[in-house]
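Engineer: Give me coordinates for this.
(chains A and B)
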Amino acid sequence: MDYAEFDDAVDALRDGVYAGLPIVHAPESDDEDPQGLPAPEAAAWRIGADWDEGDFESGFRHFVGTVDTTKVSALIVGGWGEPYEDDSSKVVGLLTEHADRFPALRSLFLGAMSCEECEISWIQQSDVTPLLAAFPLLERLEVRGGEGLLFPLVRHDNLRVLRCETGGLPASVVRGIGDSDLPALEYLELWLGVSNYGGDATVADLEAILSGERLPALRHLGLQDSEIQDEVAAAVASAPVVARLESLSLSMGALGDEGAEALLSGQPLTHLKRLDLHHHHLTDSMVDRVGAVLAGVKVDLSGQLGPDDEWRYVAVTE
Amino acid sequence: MTLLTVVGTPGERRVTMFARACVSYGLREPRIVPWSTVLRGQDIRLEPGTLVRIESPGEDAEADALLRGPGEPARTGGGAAWHTAFTAGVERVRRAVERTPGATLLADPGEIAVMFDKRLCHARLSAAGVPVPPALSGPVGGYAELRERMAETGWNRVFVKPAHGSSASGVVALQAAAGRVKAVTSAELTGGGLYNSLRVRSYENERDVAAIVDLLAPDGLHVERWFPKASVGGRTIDLRVVVVGGTPTHAVVRASRTPMTNLHLGGERGDLGAVVAGLGPEGWAKGLDACARAAACFPGSLSAGVDLMIGVDWHGVAIAEVNAFGDLLPRLTGLPGGAAEGLDTYEAQVAAILGRHAPGPGAAGLRPAVPVPVGGGSGG
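Structural biologist: Down below sits the predicted model:
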């Protein structure tokens, strides 16, 4: 699996590549010449209303009316006017209502906004599981923002990638994902965030995920950006799911020597191809030990922040 | 021989770099009239026939005390007093120039006064059709009134700027929605006072946010709707474009992880090439045109430092500020292919001064007569 597209940049996905396709801005008004557009299947289409436009729906309807969306495989939803005020339920509703117009949709990002547009903890999300019900063939779902986010348990047979980028992921979402049946899920990445921004999940809330019982295909697990990263690491150290992973990320959080020690003294991790611990608070000697014990694993220990317990911070919150 | 005088703070880089540029063009080093002399009301003596450049008083503690009154230099307030004292000082310089035979002021006191009042500056730009973010009109007396006005306009996110501030002092990026409020600012609230800091902080307790705005309000506030800025590599960007003699000559990208891009607040010089590429030739031309039009609102000013914002979508542009003394950009040389290619901002201004005021045939496009070694990364 190629992880290159996944990183901790809170990027608005306005250019570059998404799901292997060049990002193209969807035509949202008649001013734009449809002749210059790429073939519908050759682009990751970015739709969304910017701060001074404020109307997602008309742009969306124009897109559906202009581009043959039956061939669109990748969609990026940016903002929806005032995402700090209005939640994403209207966007979710529009997408689900038009599900029959997107039979080829496989990848969806909901809420690709830079912090200048709307900071991650201000994005008002909603229940995103109707998207999974409406798009049974969806393979990749990414959501930015944990505020108002709901994820009641679902079953989805084809989802391979699920990412929640948040500054605070509610415990109910963590539990909902853990309780869901996601037999095809290979890549799960959760930014747990901080309690100050609604990230109230405890290690107990991670239990279902860590058991791996409903995640038979999981190859990568990311439990990141957490203020309780040490506790998360300790729980991962004895988690049954780890044996089937090829890649593990405990990056972006307040990981210290305690968490690293727990990892090293838990179950063997030498089967991993990749262990991502970047943005951490390990001491130099612990950095050396991790490197020595896991010599055969590609370990990312970049972003060492100093071991001061008083001033640990996670990468993304506000 | 062209004679130059600078009203400034002796020894400050603004003064020494301009002096060096003069020497490189074969001019005599300018005479310096210290701001403290002007502000104390002492007699200003000028040489007959001199051209007089007004510089920023900079960070001179004595001048600052004379402008804002005595007090802790790091405090944020006192902008209104500063503006009154500063414009009075500029006026004294103007009168001194007037009574000196053959002397010429290389600035317009009225324009300086407007550039140092963000409300008037915004109104002037707006009236001239220069793209600017919408602003609240009329005075905003304090936090409660600010929130009322935000609710009326439907703006959830605004930039609150002290009317007479500079260097982002006291600027607050404020957002309020869904029962939450957040202020991002370089001002530090301590012990009931407000101080400039080199660190940008977030305040999310409404009592603190209200206290900050209420402390800033008595000196006058200018409130603009937050214009979401483009980003490059996860950093928010804007540009400082120096316009000399009507032509945008120098541009530097400022990139930051906070809404304030100022270099002294942790902003970094960004990649101009990436920004020009992101805008495309038309977008870049549109941006420079907006800067030229903003500077054209101040035709009596030799140069202006225009802050150019690019919208998140990379299409819209808007002017954030026009700075009377926005040319302190050490080692930055002019835009490739432009009128000041290879020249720093001070050399470009000396060339423009000679082009306008030197005796003899037109001297436009002058180059330094004496090669001057340029320290650090030249040519960027």
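Engineer: Output the set of residues of chain A in proximity to chain B.
Structural biologist: Contact residues (Cβ under 8 Å from any Cβ of the partner chain) of chain A with chain B: A:9-12, A:14-15, A:25, A:50-52, A:82, A:84-85, A:114-117, A:119, A:122, A:124, A:147, A:318. (Each C-beta comes from the backbone N, C-alpha and C, glycine too.)
Engineer: let's see it at 10 Å
Structural biologist: For chain A, the contact set with chain B under Cβ under 10 Å from any Cβ of the partner chain comprises A:7-12, A:14-15, A:25, A:48, A:50-54, A:78-79, A:82-87, A:113-119, A:121-122, A:124, A:147-148, A:196-197, A:317-318.
Engineer: Looking at these, which are in helices?
Structural biologist: Counting by DSSP state H, none of the members of the residues of chain A next to chain B fall within helices.
Engineer: Of those residues, grab the buried ones for PyMOL.
Structural biologist: PyMOL command restricting these to the buried ones, with burial defined by 16 or more other Cβ atoms under 10 Å in any protein chain shown:
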select buried, chain A and resi 8+10+11+12+14+25+48+50+51+53+78+79+82+83+84+86+87+113+114+115+116+117+118+119+121+122+124+147+148+197+317+318
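Engineer: give me every residue that touches A:Asp276.
Structural biologist: Listed by Cβ atoms under 10 Å, 6 or more residues apart in numbering or on different chains, the contact set of A:Asp276 reads A:3, A:6-8, A:220, A:222, A:224, A:247-252, A:298-302.
Engineer: typo on my end, it should be A:Ser247
Structural biologist: A:1, A:3, A:186-187, A:218-222, A:272-276, A:297-298.
Engineer: if we go to 6 Å?
Structural biologist: Contacts for A:Ser247 (Cβ atoms under 6 Å, 6 or more residues apart in numbering or on different chains) come out as A:220, A:273-274.
Engineer: A:Pro268 too?
Structural biologist: Contacts of A:Pro268 (Cβ under 6 Å, 6+ apart): none.
Engineer: what about it, distance to chain B?
Structural biologist: Distance from A:Pro268 to chain B, counting by Cβ to the nearest Cβ, to the nearest Å: 35 Å.
Engineer: Which element, helix or strand, includes that residue?
Structural biologist: Taking DSSP states H and E as the definition, A:Pro268 sits outside all helices and strands.
Engineer: Kindly report the residues of the stretch 101-250 of chain B close to chain A.
Structural biologist: B:156, B:177, B:228-229, B:231, B:234, B:236 (Cβ under 6 Å from any Cβ of the partner chain).
Engineer: ok, now with 7 Å
Structural biologist: Counting by Cβ under 7 Å from any Cβ of the partner chain, the stretch 101-250 of chain B comes close to chain A at B:156, B:175, B:177-178, B:202, B:228-229, B:231, B:234, B:236.
Engineer: Select from the residues you listed every entry located in strands.
Structural biologist: Of these, the ones assigned to strands by DSSP state E are B:175, B:177, B:202, B:231, B:236.
Engineer: Pick out the residue in the stretch 151-300 of chain A sitting closest to chain B.
Structural biologist: Here the stretch 151-300 of chain A gets closest to chain B at one residue, A:Asn196, 8.4 Å apart by Cβ to the nearest Cβ.
Engineer: With adjacent residues omitted, what lies nearest to residue 276?
Structural biologist: With no chain named, the answer covers chain A. Nearest residue to A:Asp276, sequence neighbours excluded (Cβ to Cβ, 6 or more residues apart in numbering or on different chains): A:Ser249, at 3.8 Å.
Engineer: actually chain B
Structural biologist: B:Trp284 (5.0 Å).
Engineer: outside of the strand or helix carrying that neighbour, which residues touch it?
Structural biologist: Assessed by DSSP H and E, B:Trp284 sits inside helix B:272-296. Helix B:272-296 is contacted from outside by B:125, B:128, B:130-131, B:230, B:232, B:237, B:239, B:241, B:243, B:246-248, B:251, B:253, B:304, B:306, B:308, B:310, B:314, B:317, B:319, B:322, using Cβ atoms under 7 Å, 6 or more residues apart in numbering or on different chains.
Engineer: Now the buried members of the residues you listed.
Structural biologist: Neighbour counting by 16+ other Cβ under 10 Å classes B:125, B:130-131, B:230, B:232, B:237, B:239, B:241, B:243, B:246-248, B:251, B:253, B:304, B:306, B:308, B:310, B:314, B:317, B:319, B:322 among these as buried.
Engineer: so where is the chain shaky, pLDDT-wise?
Structural biologist: Assuming you mean chain A. Residues of chain A that meet the criterion pLDDT under 70 lie in A:1, A:32, A:54, A:308-310.
Engineer: my question was about chain B
Structural biologist: B:359-380.
Engineer: ok, 80 please
Structural biologist: Applying pLDDT under 80 to chain B picks out residues B:1, B:358-380.
Engineer: what about the helices in it?
Structural biologist: Taking DSSP H as the test, the helices found in chain B are B:13-24, B:35-39, B:61-68, B:79-98, B:109-115, B:118-127, B:143-153, B:206-216, B:272-296, B:345-357.
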